[in-house]
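Trainee: sequence and predicted structure, then a few things I'm wondering about:
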Amino acid sequence: MDVVTAQEMYEWDRVAIKSTGLDGRLLMENAGRAVSSDLEKKLGTHQRVIILIGAGNNGGDGFVIARTLLNRGYSVEAWQIVSDSKVEGDARYHKEIFIKSGYTLYKLEKTDDLSESLKSADVIVDAMLGIGVKGRLREPVKQVVELANEQRAFRVAVDLPTGVPADEGIVEFDAFKADYTCIIAALKMSALVEHTRVYYGEWKVCDIGLPVKKLPSPSRKVWQREGGRRVLPGRDPNSHKGSHGKALVVGGAAHMPGSIAMSAKAALRSGAGLVTIATPKSAMNAVASYVQEATFLPLAEERGVIKDSAGVDVSAYDGVAIGMGMGRGQESNNLVSHLISTVKAPLLIDADALYQLKNLVGLLRSRTYPTILTPHPGEFAHLVDQSISAIVRSPFSYSREFSKAYGVYTVLKGPATIITAPDGSQFVDLSGNAGLAKGGSGDVLSGILLAMMLQSGSITYALNNGCMLHGLTAEMLTKDAHSMVDLLATDLVEGLTQTFRTFSS
Ligand SMILES: NC(=O)C1=CN([C@@H]2O[C@H](COP(=O)(O)OP(=O)(O)OC[C@H]3O[C@@H](n4cnc5c(N)ncnc54)[C@H](OP(=O)(O)O)[C@@H]3O)[C@@H](O)[C@H]2O)[C@@H](O)CC1
Ligand SMILES: [K+]
């Protein structure tokens, strides 16, 4: 499923029409019909539907939806909320068909009249503005949106909620608050960005018959479960522990042994053949009591934290992860720098190592093996010298820019985790839930990602599938055994068993 900006959507529209001869009016008919059929699944025949219609092509979709639902016997009032002269082009064409079909079009003259109608509505359909919105809402749209938002009716948006920009990064807007959005042809970027996604409610993308083979790829997609399942690493009957990779996890401290322990165990649960844990000696016992299957590389320490990189020989490993529960002292900085320069295998940098990376980013460009960064927005903000709010408002651009500049994979964690490859291509993983908002979930994710990288030919597949397995485990556990309140990171590690049993079968 592609994720597009407004400009990319307009380009699709243009290419579709130019390359195949498809008419814009036909696409509008398809869009209106697709939304109507989707909406019908949510409508009772006795429910009163009010459709709010604006001037542009989003309004044009509204005319088609109104006609289609009326033809199918639903109780619909269609309200044109702008003056007649504003309705032009394809929208006007469909307005004429609506009227010639014998249906009444209500026009907004006094807001009180619309207000009365809205009060008795069961469903309000917003076909006022779509991807063409510019700036804050002007009247009369602004007032109509406010009125609609006050009602108890179920609110449905067509393509996107009026007022919400299709792109990331725009902060000032007023918007229709939808319970459900029927998105036309392709998912708009703002449906995945924290400050705008809340206006969409639940959503679904409706197909309108665009010629998919001809459309330019935005190189930005949602990672799909079925596709993920097809590229999940399997287990060859003739395999032995060496066939599934030797992993090294580096981190931990006497006062926080849990993080590294959970990463290591998650890596083992996710199929890594052998896992070695490099950690201060004084943390070893605590870690070993949780992960009996791992071997250890004891590190020199001072007051319970890693002292320096002496004795860390990384040549024997197929993949390394560093940073979990490591601490932020100068010594760990030296260790991060040492590993960036010497690991000749995929290197995953997480948690405290991400903190240390800030003055080491220049080293990343010299790596010839894949480097993977797994920041949450706070860690990423620190790394790129931005505020957290700037990152969460424009996560796609910041992570694409960073990945391309430093030649790394970036896994920017969040409700929609964005995975960016060094060439700038992006995938979004939407699995998981608020149960994951707890200390330790990230450590578990790092372990899963490390194990997936050892077993997959493609780092992109490994990262996407790893994020998905992590999220699916949280979903599965909060459905069957836990709540989002009590779920712990260690539950995730154990829950992987069930996820692998069901997902990979
Ligand atoms: N892509 C596809 O394949 C297909 C797309 N389709 C549909 O087309 C939609 C895009 O249509 P679009 O380009 O006409 O823009 P749209 O969102 O209707 O808005 C334009 C109107 O909004 C107005 N306006 C703008 N800002 C405003 C503000 N702040 N406050 C108030 N008004 C404001 C602006 O007024 P103006 O600035 O011109 O005075 C103009 O009248 C898309 O979302 C999808 O639903 C389907 O039909 C079929 C195939
Ligand atoms: K809309």
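Mentor: Great, that's in hand. Ligands and ions are numbered 1, 2, ... in the order given.

Trainee: next helix or strand past the helix or strand Thr68 falls within?
Mentor: Using DSSP states H and E, Thr68 sits within helix 57-71. Using DSSP H and E, the helix or strand that directly follows helix 57-71 along the chain is strand 75-80.

Trainee: that following strand near ligand 1 at all?
Mentor: No - when contact is scored as CB under 6 Å from any ligand atom, no part of strand 75-80 falls within range of ligand 1; the minimum is 11.9 Å. In this view, the C-beta of every residue, glycine as well, is placed from N, C-alpha and C.

Trainee: please enumerate residues in contact with that strand?
Mentor: 45-53, 59, 62-63, 66, 69-70, 87, 95, 98, 103-108, 114, 117, 121 (CB atoms under 8 Å, 6 or more residues apart in numbering).

Trainee: where's the residue of the chain most remote from its centre relative to Arg136, distance?
Mentor: In the chain, the residue that sits farthest from the middle, by CA atoms, centre = their mean, is Gly102; the gap is 44.2 Å. Per CB to CB, to the nearest Å, Gly102 is found 38 Å from Arg136.

Trainee: then Ala253?
Mentor: 50 Å.

Trainee: swap in Pro233?
Mentor: On the measure of CB to CB, Pro233 and Arg136 end up 49 Å apart.

Trainee: ok, these two, which is more surrounded?
Mentor: The neighbour count for Pro233 versus Arg136, taken as other CB atoms under 10 Å, is higher for Pro233 (20 against 11).

Trainee: hang on, the earlier thing: state the mean pLDDT of the helix holding Thr68.
Mentor: Here helix 57-71 scores 98 as its mean pLDDT.

Trainee: and it, does that touch ligand 1?
Mentor: Yes - contact of helix 57-71 with ligand 1 is found when judged by CB under 6 Å from any ligand atom, involving Asn57, Asn58, Gly59, Gly60, Asp61.

Trainee: report the distance from that helix to the chain centre.
Mentor: 31 Å (CA atoms, centre = their mean, to the nearest Å).

Trainee: just checking, what packs against it?
Mentor: Contacts of helix 57-71 with other secondary structure elements, assessed using 3 or more CB pairs under 8 Å, 6 or more residues apart in numbering; DSSP states H and E, are made with helix 24-40, strand 48-53, strand 75-80, helix 89-100, strand 123-127, strand 154-158.

Trainee: burial-wise, tell me which of these comes out on top.
Mentor: With neighbours taken as mean count of other CB atoms under 10 Å, these reach their highest mean count in strand 123-127, at a mean of 29.

Trainee: does that one reach ligand 2?
Mentor: Yes - looking at strand 123-127 against ligand 2 by CB under 5 Å from the ion, the contacts come from Asp126.

Trainee: ligand 2 contacts on this protein?
Mentor: By the criterion of CB under 5 Å from the ion, the positions of the chain lying close to ligand 2 are Asn58, Asp126, Ala157, Val158, Thr162.

Trainee: looking at those, which one is closest to Gly209?
Mentor: Comparing the residues of the chain next to ligand 2 against Gly209 with CB to CB places Val158 closest, at 16.7 Å.

Trainee: how near is the nearest residue to that closest one once chain neighbours are set aside to Arg220?
Mentor: Counting by CB to CB, 6 or more residues apart in numbering, the nearest residue to Val158 once its immediate chain neighbours are dropped is Ala127, at 4.5 Å. Counting by CB to CB, the gap from Ala127 to Arg220 is 26 Å.

Trainee: hmm, back to that, quick one: secondary structure of the residue farthest from the centre of the chain?
Mentor: Applying DSSP: H, G, I helix; E, B strand; the rest coil to Gly102 yields a three-state assignment of coil.

Trainee: please enumerate the helices of the stretch 301-450 of the chain.
Mentor: Using DSSP state H, counting those that start in this stretch, the helices of the stretch 301-450 of the chain run over residues 330-342, 351-357, 361-364, 377-384, 388-393, 395-406, 441-455.

Trainee: packing partners of the fourth one?
Mentor: It stands for helix 377-384. Counting by 3+ CB pairs under 8 Å, 6+ apart, helix 377-384 packs on helix 351-357, helix 388-393, helix 395-406, strand 409-412.

Trainee: kindly export that helix (C-alpha atoms) in CSV.
Mentor: These are the backbone C-alpha positions of helix 377-384, laid out as CSV (Å, rounded to 0.1, in the frame of the first residue of the first chain):
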residue,chain,number,x,y,z
PRO,A,377,11.6,10.4,18.4
GLY,A,378,13.5,11.7,21.5
GLU,A,379,16.7,9.9,20.6
PHE,A,380,16.4,11.0,17.0
ALA,A,381,15.7,14.6,17.9
HIS,A,382,18.9,14.6,20.0
LEU,A,383,20.9,13.1,17.2
VAL,A,384,19.8,15.6,14.5
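
Trainee: ok, Gly271 - contacts?
Mentor: By CB under 8 Å, 6+ apart, the contact set of Gly271 is Pro233, Arg235, His244, Ala451, Met452, Leu454, Gln455, Phe500.

Trainee: ok, it to ligand 2 distance?
Mentor: For Gly271, the distance to ligand 2 under the criterion CB to the ion, to the nearest Å works out to 45 Å.

Trainee: sec struct for Ser190, please.
Mentor: For Ser190, the secondary structure call by three-state DSSP comes out as helix.

Trainee: next, count neighbours for it.
Mentor: Residue neighbour count, defined by other CB under 10 Å, stands at 26 for Ser190.

Trainee: quick check: closest non-adjacent residue to it.
Mentor: Taking CB to CB, 6+ apart, and ignoring the residues beside it in sequence, Ser190 has Thr196 as its nearest neighbour in space, at 3.9 Å.

Trainee: right, and the one you found touches Gly163 too?
Mentor: No - under the criterion of CB atoms under 8 Å, Thr196 makes no contact with Gly163, lying 9.9 Å away.

Trainee: looking at the two, which is more packed in?
Mentor: When neighbours are counted by other CB under 10 Å, Thr196 and Gly163 differ, and Thr196 comes out ahead with 26 against 23.

Trainee: so that one sits in a helix?
Mentor: Yes - with the criterion set as three-state DSSP, the secondary structure at Thr196 is a helix.

Trainee: what sits against it?
Mentor: For Thr196, the contact set (CB under 8 Å, 6+ apart) comprises Val164, Pro165, Glu168, Ser190.

Trainee: correct me, but the second one touches Ala6?
Mentor: Yes - counting by CB under 8 Å, Pro165 does reach Ala6; the two are 7.5 Å apart.

Trainee: have a look at those two and say which one is more surrounded.
Mentor: Regarding Pro165 and Ala6, a neighbour count based on other CB under 10 Å identifies Pro165 as having more, with 23 against 19.
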